[in-house]
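S.K.: no FASTA, just this:
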């Protein structure tokens with residue numbers, strides 16, 4: 001058995017690199033379509049200001065993209081270095097979408113990003129717009145394949161365990177591709193990226209308007225960001241509801257933890273707006289509930305129950321006991337693949353094999369399993385409730401706060417008086433970090449809520465890690481944190497510098513402070 005410290009450090013290292021990486025990803029996804037919109041308006045109107053908007057916001061997009069690629073490459077290698085058994089066990093399935101992403105989406109995206117920056121004087125207007133459009137499509141395709149891989153981790157369809165190869169093997173590629181979890185996750189995640197891009201443009205445009213500089217440039221950018229952001233945040237909220245439904249279908253444990261739902265309530269279940277979860281006694285010390293709402297979101301019905309944590313744990317107990325028998329049969333098949341009795345025993349119980357593997361955290365020999373060990377394994381099947389509950393509510397609260405801002409910004413844009421509303425502009429500026437906070441909270445809920453699994457119901461996290469030394473992990477973790485922090489500082493410096501310069505950094509002679517920046 002691997003030490004718990006080794007597992008925790010491996011998880012921490014991947015979490016740190018993933019959350020650093022996702023500081024860059026949402027802005028990349030969102031900015032591509034804003035650039036498409038701005039350049040489309042330039043093509044339709046012929047007004048040079050829209051070309052300048054595309055080039056200026058594209059410059060900030062380029063800085064962010066470069067650092068996003070740098071942090072993303074590391075994560076691909078970590079599957080082999082830190083999660084070797086995971087890569088062996090599910091690589092046949094998990095590796096396929098990542099390979100397609102690298103061969104198709106990433107190269108498409110990278111090629112057209114180069115043409116976007118260096119093709120202004122070499123391509124016609126229509127050709128350059130096509131390049132910008134293909135760059136946006138490539139970016140979204142890249143997200144699609146990565147989220148198909150992640151969606152399979154949440155809901156492992158289209159694959160079966162083979163006792164011959166002792167690993168998961170793909171049996172239906174189309175089931176993996178059209179996995180409901182993956183599709184809901186994709187549209188929800190890219191919509192969150194669109195909101196991030198819109199907030200970025202809205203906030204910086206508000207900064208210019210508060211300073212009274214580059215007013216026409218800022219007004220046009222603000223209007224586009226307000227309209228795009230309002231549509232995007234509506235999409236996030238609607239698709240968040242769809243994500244809640246898919247979680248309720250495939251990951252009832254995660255849903256119950258998110259809602260601090262200890263008991264199975266009569267349908268339709270209520271929604272806890274605020275609660276104080278007491279995990280020791282498995283109850284809420286205090287709760288404010290809205291009747292029916294959770295049942296409608298989680299089941300799309302009025303008569304279907306959502307199981308509570310206590311009921312889920314008892315079901316998991318049965319699956320662990322059954323999975324232990326499947327694992328014992330599998331051990332026998334390893335020694336004698338022709339044992340027909342053990343093969344029949346394994347086939348009858350193999351759907352619960354992953355739950356049996358949870359016991360490997362505590363014993364090396366299934367004969368050593370006791371009722372107390374089964375109790376510990378059952379307790380492991382539910383993540384800690386309080387972090388899930390409050391992270392989800394913060395994310396949702398931020399979402400509705402952004403809906404209010406984009407709604408007010410769009411309404412004021414239609415009326416044409418937003419440039420004079422100091423309160424709205426300041427609100428827009430101070431909201432700049434909120435989309436990033438929401439995205440990070442969303443990933444925390446998705447990934448922490450999947451524990452104790454790397455592949456939900458199939459492969460426990462404690463079995464997935466490589467046999468590394470704790471010292472190596474401490475050293476590499478410190479190295480990653482240090483290197484990524486430097487990259488983040490570089491990103492913040494460059495983005496702040498060019499954002500403060502504004503469109504004057506293009507050197508066209510049409511914007512404020514250009515002479516000052518030329519001598520800087």
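M.R.: Yep, it's here. If you're wondering where the values come from, they're calculated on a predicted model, not measured in any experiment.
S.K.: Return the per-residue confidence for the residue nearest to residue 278 when sequence neighbours are not counted.
M.R.: Computed as Cβ to Cβ, 6 or more residues apart in numbering, the closest residue to residue 278 that is not its neighbour in sequence is residue 285, at 5.0 Å. (Glycine included, C-beta is placed from N, CA and C.) In the prediction, the pLDDT value recorded for residue 285 is 94.
S.K.: ditto for the one 4 residues further on
M.R.: On pLDDT, residue 289 comes in at 90.
S.K.: and it, what element?
M.R.: Under the assignment given by DSSP states H and E, the secondary-structure element containing residue 289 is strand 283-290.
S.K.: Can you give me the buried ones in that strand?
M.R.: When neighbours are counted by 16 or more other Cβ atoms under 10 Å, the buried residues of strand 283-290 are found to be 284, 289.
S.K.: Could you do stretch 88-101 as well?
M.R.: Of the residues in stretch 88-101, those scored as buried under the neighbour-count criterion (16+ other Cβ under 10 Å) are 89-91, 93-94, 96-98, 100-101.
S.K.: I'd say residue 321 and residue 374 touch.
M.R.: Yes - the pair residue 321 and residue 374 passes the contact test of Cβ atoms under 8 Å, sitting 6.8 Å apart.
S.K.: re earlier: for the residue nearest to residue 278, give its distance to residue 275.
M.R.: Counting by Cβ to Cβ, to the nearest Å, the gap between residue 285 and residue 275 amounts to 8 Å.
S.K.: Look up phi and psi at residue 197.
M.R.: Backbone dihedrals for residue 197, given as degrees, to the nearest 10, come out at phi -60, psi -40.
S.K.: Apart from its neighbours in sequence, what residue is nearest it?
M.R.: Counting by Cβ to Cβ, 6+ apart, residue 197 lies nearest to residue 30, which is 2.2 Å off, once chain neighbours are set aside.
S.K.: Thought residue 194 was touching the one you found, still the case?
M.R.: Yes - between residue 30 and residue 194 there is a contact at 4.6 Å, judged by Cβ under 8 Å.
S.K.: Of all the residues in stretch 45-60, which ones are buried?
M.R.: Per 16+ other Cβ under 10 Å, stretch 45-60 contains these buried residues: 49-60.
S.K.: Let me know the closest of the residues you listed to residue 187.
M.R.: For the buried residues of stretch 45-60, the residue nearest residue 187 by Cβ to Cβ is residue 57; the value is 23.9 Å.
S.K.: could you say which helix or strand contains that closest one?
M.R.: With DSSP H and E as criterion, residue 57 is part of helix 48-81.
S.K.: roughly how far out does that helix sit from the chain middle?
M.R.: The chain centroid and the centroid of helix 48-81 are separated by 17 Å, computed with Cα atoms, centre = their mean, to the nearest Å.
S.K.: Give me the contact list for the next helix or strand after it.
M.R.: Towards the C-terminus, the helix or strand next in line after helix 48-81, according to DSSP H and E, is helix 84-100. With Cβ atoms under 8 Å, 6 or more residues apart in numbering as the contact definition, helix 84-100 has outside contacts at 76, 79-80, 145-146, 148-149, 152-153, 156, 158-159, 167-170, 173, 176, 454-455, 458-459, 463-467.
S.K.: The stretch 401-520 of the chain: strands as residue ranges?
M.R.: According to DSSP state E, counting those that start in this stretch, the stretch 401-520 of the chain carries its strands in the segments 453-455, 459-460.
S.K.: Generate JSON lines for those strands, with mean pLDDT, mean neighbour count and distance to residue 365 as supplementary columns.
M.R.: Conversion of those to JSON lines gives the following (pLDDT from 0 to 100; neighbours: other Cβ atoms under 10 Å; distance: least, Cβ to Cβ, whole Å):
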{"stretch": "strand 453-455", "mean pLDDT": "96", "mean neighbour count": "24", "distance to residue 365": "23"}
{"stretch": "strand 459-460", "mean pLDDT": "96", "mean neighbour count": "24", "distance to residue 365": "17"}
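S.K.: Confirm residue 277 sits in a helix?
M.R.: No - counting by DSSP: H, G, I helix; E, B strand; the rest coil, residue 277 is not part of a helix but strand.
S.K.: what sits opposite it in the beta ladder?
M.R.: Per DSSP bridges, residues listed as beta-bridge partners of residue 277: residue 284.
S.K.: Distance of residue 307 relative to residue 318?
M.R.: Relative to residue 318, residue 307 is positioned 13 Å away (criterion: Cβ to Cβ).
S.K.: er, residue 514 I mean
M.R.: Per Cβ to Cβ, residue 514 is found 72 Å from residue 318.
S.K.: What of residue 258?
M.R.: 23 Å.
S.K.: out of those two, which sits in the busier spot?
M.R.: Using other Cβ atoms under 10 Å as the criterion, residue 258 and residue 318 rank with residue 258 on top: 25 against 12.
S.K.: hang on, residue 277 packs against residue 383?
M.R.: No - checked against Cβ under 8 Å, the pair residue 277 and residue 383 is beyond contact range at 11.7 Å.
S.K.: rewinding a little: can you say which of the contacts of helix 84-100 are buried?
M.R.: Neighbour counting over these (16+ other Cβ under 10 Å) leaves 79, 145-146, 148-149, 152-153, 156, 158-159, 167-168, 170, 176, 454-455, 458-459, 463-466 as the buried ones.
S.K.: Which other helices and strands does the lengthiest helix in the chain contact?
M.R.: Longest helix of the chain, by residue count under DSSP state H: helix 215-250. In this structure, helix 215-250 makes packing contacts with helix 25-45, helix 48-81, helix 180-211, helix 252-258, helix 293-299, helix 385-415, judged by 3 or more Cβ pairs under 8 Å, 6 or more residues apart in numbering; DSSP states H and E.
S.K.: Quick check: which ranges of the protein have low pLDDT?
M.R.: Along the chain, the parts satisfying pLDDT under 70 run over 1-2, 515-520.
S.K.: Could you break it into its assigned domains?
M.R.: Each domain of the chain is listed here as a residue range: 4-251+383-509, 319-380, per automatic domain parsing.
S.K.: out of those, deepest packed?
M.R.: Looking across the domains of the chain with neighbours counted as mean count of other Cβ atoms under 10 Å, the highest average goes to domain 4-251+383-509: a mean of 19.
S.K.: returning to that earlier point: so for residue 348, which of the strands of the stretch 401-520 of the chain sits nearest?
M.R.: With Cβ to Cβ as the measure, strand 459-460 is the member of the strands of the stretch 401-520 of the chain nearest residue 348 (20.5 Å).
S.K.: Export the strands of the stretch 401-520 of the chain as JSON lines, with columns for distance to residue 431.
M.R.: Written out in JSON lines, the entries for these read as follows (distance: least, Cβ to Cβ, whole Å):
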{"stretch": "strand 453-455", "distance to residue 431": "35"}
{"stretch": "strand 459-460", "distance to residue 431": "40"}
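S.K.: Indicate which one of the ones you listed is closest to residue 238.
M.R.: strand 453-455 (28.1 Å).
S.K.: which strands and helices sit next to the closest one?
M.R.: Strand 453-455 is packed against helix 84-100, helix 125-154, strand 459-460, with contacts defined by 3+ Cβ pairs under 8 Å, 6+ apart.
S.K.: Residues touching the last one, excluding its own?
M.R.: What it means is strand 459-460. Contacts of strand 459-460 from elsewhere in the structure, counted by Cβ under 8 Å, 6+ apart, are 86, 89-90, 168, 354, 357-358, 360-361, 452-454.
S.K.: Ok, which of the helices and strands packed on helix 215-250 comes nearest residue 367?
M.R.: Shortest separation from residue 367 across the helices and strands packed on helix 215-250 is recorded for helix 252-258, at 28.2 Å, computed as Cβ to Cβ.
S.K.: So what's the gap between the closest one and the chain middle?
M.R.: On Cα atoms, centre = their mean, the centre of helix 252-258 falls 18 Å from the chain's centre.
S.K.: Make JSON lines from the helices and strands packed on strand 453-455 and add distance to residue 332 to it.
M.R.: Output for the helices and strands packed on strand 453-455, formatted as JSON lines (distance: least, Cβ to Cβ, whole Å):
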{"stretch": "helix 84-100", "distance to residue 332": "20"}
{"stretch": "helix 125-154", "distance to residue 332": "29"}
{"stretch": "strand 459-460", "distance to residue 332": "21"}
